[in-house]
Every structure is written in structure tokens, then in C-alpha cells.
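**Q** got a sequence here, can you model it:
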Amino acid sequence: MAYGAENTAIGGRIAIAGAACILLGAAAVYGPLGLPRIEKNVLAEANARLEGVGADWAKLAVRGRTVTISGVAPDKTALAAATLRLAEGGGAIMRLNVVATVEPEEKPIVTEFPSLAPQLDAMASSPPVPAAPASEQTEPQTPSLTPTELARNCQTEIDHVVSDRLVTFARDSTSINASASSTLDEIAGKLRECGAVSVILEGHTDAFGSPAVNQRISELRARAAADYLEHQDIGTVILRAAGAGETAPLSVIQTGADARLNRRVDFIVDALPANSDIAAQHGETE
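**A** Here you go, the predicted model:
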């Protein structure tokens, strides 16, 4: 579906000649392909947020716009301070994974035990205990993941796909093109392995056209991507479509490949409540 309004330039928003130097500087940050530079930008922002909170212990990793903090914090207060700083709203960071731990507060107590040699000698002289019949032997059970762990693992897999190829659209279009179709097919394969999670498909536009029209286009782009995935085998994943209009651009450059980064659909994975029907069917509990 085409919307000419998105292609209509609003003079007040385009003719800001004085901003040319800012746009050229942004091109150096994002580059023609955008995503590797975006991850560097996300990492730089995360490091900047941790300055001044004594987080030298923290190790940061970035995939897409997801930041993972690991390492061993000196105490719970230090871990909480670093986590809260990274979780502040706004900026380039979309999601935060915390896998950091805290140093034990007390040293382990070493206890001396009496010699076990007499007991071992007695056990060696005893007749062997017969093995249990095969029918009574049980296989070790694989522990089930919590809904939060399922969502975190699923988000990592999808971020890995879209870090190389975003689901993008031509200007004025809400149709799934060949490139987007290929990316969605790969995402569908990842979703099949995610288990019971909820995925929000969030549509976006560039800054051409009115905000109201762009909001509607972003919603239709998200719905088109969701409809495509719903015709694939995605297991028990629940899809929801939403639009963000022009409010969350990946690039401030509104021409060429940079503007195409803004005409996209993002994928945000959420955990299902532990008491939901689907989660209960899979034995997933917090």
C-alpha cells in the first residue's frame, strides 16, 4: 500500500540548512550500512552511563541495541547502581541483559574431617549392590527454563539475525519486499525454537510526511510483518503489532541508505506470565 503523504516534504522540517554540519557528523557515526556503527554507538553510550558509579568490574557486550552486563561486582549495591544506570530510559539502548554476579561476602569455612579409611575398607570388602532393573532406571531430567530466560535467549537469536539484515521498506510502502521476506523467513526459524514467548513487532518510518500519517504507516508495516510470520511455522510464539511512527530513528540522515534504516520493523521479545495457558502447557515457571 502506498501513501503519498510520506513522500511530501514539509518545508519547515526539510529546509534547515544550518543543520547540514550536524547531518554530516551523523553520517560519520552511522556510516552507509549503519548497524556496526550503531552497536559502537550503543557501547559508547553504555560506557558513558557507567562513568562515576564505580563499575570498573563491569564487562559490556552489545548485539544490535541489546546490552549485556557481566562480571563480578564487589557487592549488591554496586551491581544495583550499574544496572539502574544502564536501564535508564531514552537513548540508543533498547534492552538490558544482566548476567553479572556478586562476590561472596564471607570466606568459605574449611572443616577438618576424621579419616575415612576404615569406612572405605569396609565398603571395599562388602559385596557389590546389584544394579536396578532397566525399567526402574530413570533418565536425568533437563531443567526447564523460566519465561524470562526463554525471552532473553529468543531476543539474542533474533538480534543476531537483524544485526546483519533489518526488515526494511521502500518509501511510501508497507509491502514485504524480497529482502525483508528472506529476513523474516530466518526469523521464523528462530521463533520456532523460542518456546512460549510474546514478540512485539514495532514499525517505524522516516521523517517525511506528517506525524499522523507516519504513525499509521508504521502500524501497517508492523502488521504486514506479523501477517507474514503468522503464515509460517513459529511454534507457540504470540505476535503483537505496534507502530512508533517517526519517533525512534536509527539514523538522523533522511536520504539514501541511511533513511532506509528508519523505514523498518523491530522485534522485541517479552516473557509470558508464568500462569498463562501457553506457559503452563510447557511447564515454564518463574
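**Q** use CA for all of it now, contacts and neighbours both
**A** OK.
**Q** assign a three-state SS to Ala242, would you?
**A** strand (DSSP: H, G, I helix; E, B strand; the rest coil).
**Q** could you list every residue that touches the closest residue to it other than its chain neighbours?
**A** Computed as C-alpha to C-alpha, 6 or more residues apart in numbering, the closest residue to Ala242 that is not its neighbour in sequence is Glu202, at 4.9 Å. Taking C-alpha atoms under 8 Å, 6 or more residues apart in numbering, we find Glu202 in contact with Ser218, Glu219, Ala222, Ala241, Ala242, Gly243, Ala244, Val265, Asp266, Phe267, Ile268.
**Q** pretty sure Glu202 sits in a strand.
**A** Yes - assessed with three-state DSSP, Glu202 lies in a strand.
**Q** flag the shaky bits of the stretch 151-286 of the chain, pLDDT-wise.
**A** 274-286 (pLDDT under 70).
**Q** can you pull out the helices in it?
**A** 178-192, 211-230, 256-262, 277-281 (DSSP state H, counting those that start in this stretch).
**Q** for those helices, which one sits closest to Asp172?
**A** Closest to Asp172 of the helices of the stretch 151-286 of the chain, according to C-alpha to C-alpha: helix 211-230, at 8.0 Å.
**Q** same list (the contacts of Glu202) but as a markdown table, adding neighbour count and distance to Glu45.
**A** Formatted as a markdown table, the contacts of Glu202 follow (neighbours: other C-alpha atoms under 10 Å; distance: C-alpha to C-alpha, whole Å):
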| residue | neighbour count | distance to Glu45 |
| --- | --- | --- |
| Ser218 | 27 | 27 |
| Glu219 | 22 | 29 |
| Ala222 | 25 | 28 |
| Ala241 | 21 | 28 |
| Ala242 | 21 | 26 |
| Gly243 | 24 | 25 |
| Ala244 | 20 | 22 |
| Val265 | 31 | 23 |
| Asp266 | 20 | 20 |
| Phe267 | 20 | 21 |
| Ile268 | 18 | 20 |
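**Q** I'd like the residues you listed laid out as CSV, including distance to Ser182.
**A** Shown next, in CSV, are the contacts of Glu202 (distance: C-alpha to C-alpha, whole Å):
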residue, distance to Ser182
Ser218, 20
Glu219, 21
Ala222, 16
Ala241, 20
Ala242, 22
Gly243, 22
Ala244, 24
Val265, 14
Asp266, 15
Phe267, 15
Ile268, 19
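**Q** relative to Ala100, which of those is nearest.
**A** Nearest to Ala100 among those, counting by C-alpha to C-alpha, is Ile268 at 22.3 Å.
**Q** the residue nearest to the closest one when sequence neighbours are not counted: what's it in contact with?
**A** In space, and not counting its chain neighbours, Ile268 is closest to Ile200: 5.1 Å by C-alpha to C-alpha, 6+ apart. Ile200 makes contact with Leu239, Arg240, Ala241, Ala242, Phe267, Ile268, Val269, Asp270, according to C-alpha under 8 Å, 6+ apart.
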